[in-house]
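In: Sequence and predicted structure, then a few things I'm wondering about:
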Amino acid sequence: MEQYIIALDEGTTSCRAVAFNREGCTVAMRSRQFRQIYPQSGWVEHDAMEIWNAQLNALKELIRDLDLSPAQIAAIGIADQRETVVLWDKHTGKPVYNAIVWQCRRTAPLCDDLKQSGITEVVHKKTGLVIDAYFSATKIRWIMDNIPGVKEAAANGNILAGTIDTWLLWNLTGGKAHATDYSNASRTMLYNINELCWDEDILNMLDIPQAILPEVKPSSCTFGYTDPSILGASIPIAGIAGDQQAALFGQLCLQPGMIKNTYGTGCFILMNTGDKPIYSSNNLLTTIAWGIDGKVEYALEGSVFSAGASVQWLRDGLKIIDNAAQSQQYAEAVADNGGVYVVPAFTGLGAPYWDMYARGLIIGISRGTQRQHIVRATLESIAYQTMDILDTMQRDATLPFKNLRVDGGACANDFLMQFQADILGIEVERPPIVETTALGAAYLAGLEVGYWNKDALNAVWIPSKVFKPQMSDEQRFQLSQRWHEAVKRALSWAR
Ligand SMILES: Nc1ncnc2c1ncn2[C@@H]1O[C@H](COP(=O)(O)OP(=O)(O)O)[C@@H](O)[C@H]1O
Ligand SMILES: O=P(O)(O)OC[C@H](O)CO
């Protein structure tokens, strides 16, 4: 009887259930989308009940289609969209309000007030984060302040809160386990990443009762068992991590200095920094990568706001390509960018520029400019933005890095990957399985139940394609310099 590990990959737009075998190969995947709710400009919500049903349906469909008996599921792992938070009634299990999504900006004014009060440095040292509406803390505060009765119910011990991993765990275990892992806790802006506890000072500052928060556990541990009424048996839920940390684990970036970049709508770049947090002087985030084998490891994180999104803009906005994959063909149809640079600062620029008033530009256009040049320059911009973050990481961490491991939808683009290797001057490695988020959650769960062992896992990682840098140092320098010139012109545009 062959056994499998099932990973639940609960992302921002869909819930996937993926079965992996002992070789770490995907056996099958099922997914369900759920609604994005935009009640006001800048607000983003999810219906937590809909997420639970979507995740459960994807899981049940996977089990049915593979004709698995419960005994064939060695364990379940969960990766989630991080930061998004839900509060629910402990007795009825009903959410008191929609989940407030990581992208939601509604608490920006509250964050401005917190910054005004001069606690930025303290919060950074305690949590590794910058004060921002992105993180869960102010979202919890908003629900308690704005939904009648919630503050009182929370004070009376009738409310539970959690990121989506916690919500799924609580439902899967029939309300028995209210827990999360270190990596998710470290995205709430309430967790002290040095002392490994919910931070009393920050909780007091935001008037959030600790009792509503989940217990924080290692990422690879037995969080609980599925309630038999759900899948017909008690199956261990043995791994949990935030999706970007899960991808770092799935890429087996287990040594300090190893980096992965996920090229999706945006890019999420994480570098393993080992067992000590490294604080950035350039507003990169310090976060917990995972807790495993009795210790906690940390990562530095930087994100690019517009990566695959700029390819979508070529397709849907400019309508100069028919589909995302075609961007490669167009980029390769010209010998170079023809002097054209695109800075896709549609919603400002993140690290290391941190300019919310930056706006996009296309510069260097001449009479000879063709659409192929613009497509090529757009793909190149994804690589340049990644380069800027990696340069910053190297300065902050002073850790040498040898290569970059890649995943996410846009890493299928060979032109982009080759240009990325060229502009970084290091090898870019693409694994055969690009479902690395799910794989990371599966590994965490499988390690806990003895399905895999950590040493053997390292041998499993063989890239399916390695992109070697071919560009001369001089050309790399010239291109990067022109890119930085273009960025300068985009800064502050909307101020
Ligand atoms: N071959 C390709 N070349 C460039 N971009 C691509 C390619 N395939 C997909 N993309 C981009 O990747 C993104 C989808 O990747 P995915 O990892 O599913 O993103 P997310 O998880 O953020 O939704 C889209 O923005 C799309 O434009
Ligand atoms: O669900 P994704 O892939 O969009 O990732 C979301 C990020 O983890 C948010 O921090």
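Out: Cool, the structure landed. Ligands and ions are numbered 1, 2, ... in the order given.

In: from here on, contacts and neighbour counts on C-alpha atoms
Out: Fine.

In: Please enumerate the helices of the stretch 301-450 of the chain.
Out: All helices of the stretch 301-450 of the chain, identified by DSSP state H, counting those that start in this stretch, fall at 308-312, 326-332, 371-397, 414-424, 436-448.

In: most tightly surrounded among the ones you listed?
Out: helix 436-448 (a mean of 30; mean count of other C-alpha atoms under 10 Å).

In: Off-centre distance for it?
Out: 15 Å (C-alpha atoms, centre = their mean, to the nearest Å).

In: Going forward, count from 25.
Out: From this message on, residue numbering opens at 25, which makes the last subject helix 460-472.

In: Figure out which of the helices of the stretch 325-474 of the chain is closest to ligand 1.
Out: The minimum distance between ligand 1 and the helices of the stretch 325-474 of the chain falls on helix 332-336, with 3.2 Å, by C-alpha to the nearest ligand atom.

In: close to ligand 1, is that closest one?
Out: Yes - using C-alpha under 6 Å from any ligand atom, helix 332-336 reaches ligand 1 at 332-333, 335-336.

In: for this protein, which spans come out with low pLDDT?
Out: The model of the chain has no residue with pLDDT under 70.

In: what residues are up against the residue lying closest to residue 347 once chain neighbours are set aside?
Out: Closest residue to residue 347 apart from its sequence neighbours, by C-alpha to C-alpha, 6 or more residues apart in numbering: residue 339 at 6.1 Å. Counting by C-alpha atoms under 8 Å, 6 or more residues apart in numbering, residue 339 touches 345-348.

In: Grab the longest strand from this structure for me.
Out: strand 319-328 (DSSP state E).

In: and it, what other elements does it pack with?
Out: Packed against strand 319-328 by the contact rule (3 or more C-alpha pairs under 8 Å, 6 or more residues apart in numbering; DSSP states H and E) you find strand 291-298, strand 309-316, helix 395-421.

In: That one: partners in the sheet, and parallel or antiparallel?
Out: strand 291-298 (antiparallel), strand 309-316 (antiparallel) (DSSP bridges).

In: Looking at the ones you listed, which is nearest to ligand 2?
Out: Using C-alpha to the nearest ligand atom, the strands paired with strand 319-328 put strand 291-298 closest to ligand 2, at 7.7 Å.

In: the inter-axis angle of that closest one versus helix 395-421?
Out: Orientation check (axes from the mean of the first three to the mean of the last three C-alpha atoms, to 10 degrees): strand 291-298 against helix 395-421 gives 20 degrees.

In: Tell me how far the residue lying closest to residue 177 once chain neighbours are set aside lies from residue 115.
Out: Of all residues not flanking residue 177 in the chain, residue 183 sits nearest, at 6.1 Å (C-alpha to C-alpha, 6+ apart). When distance is defined by C-alpha to C-alpha, to the nearest Å, residue 183 is 8 Å away from residue 115.

In: Comparing the two, which shows the higher neighbour count?
Out: residue 183 (24 against 10; other C-alpha atoms under 10 Å).

In: residues contacting that one?
Out: By C-alpha under 8 Å, 6+ apart, residue 183 lies in contact with 111-114, 174, 177, 236.

In: who's it bridged to?
Out: residue 113.

In: got the residues of the stretch 175-324 of the chain near ligand 2?
Out: Contacts of the stretch 175-324 of the chain with ligand 2, taken as C-alpha under 6 Å from any ligand atom, map to 267-268.

In: can you pull out the strands in the stretch 175-324 of the chain?
Out: Ranges of strands within the stretch 175-324 of the chain are 183-187, 203-205, 215-216, 221-222, 239-241, 244-249, 260-266, 283-287, 291-298, 309-316, 319-328, based on DSSP state E, counting those that start in this stretch.

In: and residue 440, which of these is closest to it?
Out: For residue 440, the closest of the strands of the stretch 175-324 of the chain is strand 283-287, at 10.3 Å, according to C-alpha to C-alpha.

In: now the angle between helix 395-421 and the closest one, please.
Out: 150 degrees.

In: For strand 283-287, buried residues please.
Out: 283-287 (16 or more other C-alpha atoms under 10 Å).

In: What's the separation between the residue nearest to residue 347 and residue 364?
Out: As judged by C-alpha to C-alpha, residue 339 and residue 364 stand 19 Å apart.

In: What of residue 85?
Out: Distance from residue 85 to residue 364, by C-alpha to C-alpha: 48 Å.

In: How about residue 150?
Out: Distance, residue 150 to residue 364, by C-alpha to C-alpha: 43 Å.

In: Setting aside sequence neighbours, what's the nearest residue to the closest residue to ligand 2 within the chain?
Out: Closest to ligand 2 within the chain is residue 35: 3.5 Å, counting by C-alpha to the nearest ligand atom. Nearest in space to residue 35, with sequence neighbours left out and distances taken as C-alpha to C-alpha, 6+ apart, is residue 105 at 4.7 Å.

In: wouldn't that neighbour be in contact with residue 190 here?
Out: No - Residue 105 lies out of contact with residue 190 (C-alpha atoms under 8 Å); the separation is 11.5 Å.

In: Looking at the two, which one has more neighbours?
Out: residue 190 (27 against 23).

In: is it true that the more buried one touches residue 202?
Out: Yes - counting by C-alpha under 8 Å, residue 190 touches residue 202, with 6.3 Å between them.

In: between these two, what contacts are shared?
Out: residue 238.

In: which residue does the stretch 75-224 of the chain bring closest to ligand 1?
Out: Closest approach between the stretch 75-224 of the chain and ligand 1, counting by C-alpha to the nearest ligand atom: residue 105, at 9.8 Å.

In: Domain map for the protein?
Out: As assigned by automatic domain parsing, the chain contains the domains 28-268, 276-454+488-519.

In: what about the longest one, distance to the chain center?
Out: When C-alpha coordinates are averaged (C-alpha atoms, centre = their mean), domain 28-268 and its chain have centres 13 Å apart.

In: okay, how far is it across it, tip to tip?
Out: End-to-end distance of domain 28-268 (C-alpha to C-alpha): 23 Å.

In: hmm, back to that, any chance of a markdown table for the strands of the stretch 175-324 of the chain, columns distance to residue 445?
Out: Converted to a markdown table, the strands of the stretch 175-324 of the chain look like this (distance: least, C-alpha to C-alpha, whole Å):
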| stretch | distance to residue 445 |
| --- | --- |
| strand 183-187 | 35 |
| strand 203-205 | 34 |
| strand 215-216 | 36 |
| strand 221-222 | 40 |
| strand 239-241 | 37 |
| strand 244-249 | 33 |
| strand 260-266 | 27 |
| strand 283-287 | 12 |
| strand 291-298 | 15 |
| strand 309-316 | 24 |
| strand 319-328 | 17 |
